[in-house]
Every structure is written in structure tokens, then in C-alpha cells.
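> Got a predicted structure plus its sequence, pasted below:
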Amino acid sequence: MVQLSNGQYIIGFDNGYQFGKTAEALFDNGVLEMGKVEPSVREHSLKYGRKYYKVGEGRAAITEDKVSDENGRLLTMAAIAKELSPAGIRQADIILAVGLPFSDYGREKKLLLEYYNEKPLLKYEFEGVRYDVNISRTFVFPQCYSAVAPRLGNMKGGYLVVDIGSKTTDVVYMENGIPLERKSITVEKAMIKWIRQIQGSLQVQYGKDVPEREILKVILKQENILPKPYANLIRERIREQLHALELELREREYDLDYSNVIYVGGGAAAAKNFSEHKPNIAYDCDIHANAKGYEYLAWQILRNQGAA
């Protein structure tokens, strides 16, 4: 969150297909409508209008877009509350900064702006605390590019930026800090699909349904409760998936041997842990990178307009 001199706050929100991310917060993207029944536990509870919801428990089903229902708005409310709460702020004028996959940006930017502009005034309760928020302006930026935005001034020459997300992998080629659209793509290979395939392998091999979260712990090299053979299979499969992604990028004529390559975002940890390390490859494993980049880009625009 960035506070401006006029009292407004810039809040970046990366509404992913597995997690919601702000510059500081990370939470599951699941949304459960509970109607008029007040939840027994305040944690993750949100009241909007006359309805109660649980926001941030489990992963939501993958959808084609994030503007066809109220879930995106409810997740945004939770994200804003998570940024305002530590500062004790309950009423705020917000400049919202969000993003879209690079290849969807031109096509879906207008729809996302219309979605947020439709209901800018948000009065709600999150985890028992009342918030009164006005989204006075919304910026939409391309993912992946945003993740490296704060360091663009240092990116001389050619860089291939790879953002392995939950649903898609964005690949952006940059020349002296400027993205080249003709050499930038979105690939339908990403973490959720890989984890599903790993779950299938575990079911075939051991007859067990292993939760996504436990598989993700192995991929991120976190403490887990899985038997060693299960963990070994997960490691083997994720190496295969990362190698397949690399082969696809090579088939699309990306040079992974002599170009500067940066893996960014949450999937960068998987690449760092299970792909071949080379002198030309770097890893920025900050899962909040896109959200921070959205804030940075919004602040840059406002500063240039004399509004920061």
C-alpha cells in the first residue's frame, strides 16, 4: 500500500487463480456464499449487503474470466481490508491497481475497468470490522511485465521474463526495459495443471488422493507430512513439467542459453528448486511481485500527472 500526499492510498491486488496477493498479504481465492447465516468464526468472514461470505478459504474453481460474478469484487474487498487493517484504517479513498495476463491485456482491460467502475463505493465488514471504501480510480497493467517494473531501469539489453502462474505462464521479451509484444506470449502450462497431473500420478501409483496443498509444500521445499516415495514422485514429475515448458519455449524460438532469463512470481520457486541452473538465469521468488509492480506503475503514472 502506498499513501499519497492527498490522503489516497494505492493498493495493488493480484487476483490469481490460486491465491490473492497484495504487496503484503497472501490468501486463498475461495469464496463461499453463506446467505443470511452469520459464520460461527470471524476469520475469513465478509458481510456485504445482507449476505455473509467466507472469503479466502480453499481454492476456487478455475473460470474463463473474473468479471462474470461478484467473486472478484469480494476478493478485492478482502484484499483492501488486509492492507488497511494493520494501519488501523477503516475508511479510505482507494486507487486500485490490478492486472491481466499479458496476452489478454488488450482484449480484457476495458471489461475489468468497467467491472470495478460499476460499483466503486464499497461498504462491508471483514472479520468483524467495518470498512467504508471508495475506489476512485482503477489501473490495469499486464502481468509479468509488472513483476519486474521496479527494476526496469537496470534491465539493459534483452531479457526474457517468465511468470509461471496458477493457470497460465506469461513470457515477456524485453529490450532495454521495453516489452516487445510480438515476442511475448501466454502459455497454457502452469502450476494448477501440473499439480492435477501429479495428483493423477499419485492416484495411479499409490491409490491415494493427495491434497494440492501438500504437493505444493514439496514443490516449494517446505515441511510436509508425505511419505518419502510420494515426495520423490512429486519432485520427478515437477522436473518433467518444467522441462516440458522449457522445450515449448525453445520450440517458439526463445533463446534460453544466451539470453538473460528471469523467472518471477510464485512459480519462480518451483523453477529455482527443480530446473537446471545456468549463469544467465535468475529467480525472483517473491509471490507478491506483480502486486508490488502494480502499485509502482500506478504511482509512476500519478507522479507524472502531478497527482502523487
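Happy to help now that I have it.
> List the contacts of residue 265.
Shown in contact with residue 265 (C-beta atoms under 8 Å, 6 or more residues apart in numbering): 144, 147, 163-165, 284, 286-287, 289-290. Just so you know, the C-beta spots here come from the backbone N, C-alpha and C atoms, and that holds for glycine as well.
> distance of it from residue 303?
Distance from residue 265 to residue 303, counting by C-beta to C-beta, to the nearest Å: 25 Å.
> ok so, going back, relative to residue 77, which of the contacts of residue 265 is nearest.
Nearest to residue 77 among the contacts of residue 265, counting by C-beta to C-beta, is residue 290 at 19.3 Å.
> ok, that closest one touching residue 147?
Yes - if you go by C-beta atoms under 8 Å, residue 290 and residue 147 touch, sitting 4.9 Å apart.
> what is in contact with those two at once?
In terms of C-beta under 8 Å, 6+ apart, residue 290 and residue 147 are both contacted by the residues 163, 264-265.
> Just among the contacts of residue 265, which is most surrounded?
With neighbours defined as other C-beta atoms under 10 Å, the most crowded of those is residue 290; it has 34 neighbours.
> The residue nearest to it when sequence neighbours are not counted - how many residues pack around it?
Nearest residue to residue 290 in three dimensions, chain neighbours excluded: residue 14, at 4.3 Å (C-beta to C-beta, 6 or more residues apart in numbering). Neighbourhood size, residue 14 [other C-beta under 10 Å]: 28.
> Okay, and the beta partners of residue 14?
When assigned by DSSP bridges, residue 14 has beta-bridge partners residue 21.
> could you check the distance from it over to residue 278?
Residue 14 sits 28 Å away from residue 278, taking C-beta to C-beta as the criterion.
> mind checking the backbone torsions on residue 142?
Torsion angles at residue 142 (phi, psi; degrees, to the nearest 10) stand at phi -70, psi 130.
> what's the burial count for it?
A count of nearby residues for residue 142, using other C-beta under 10 Å, gives 25.
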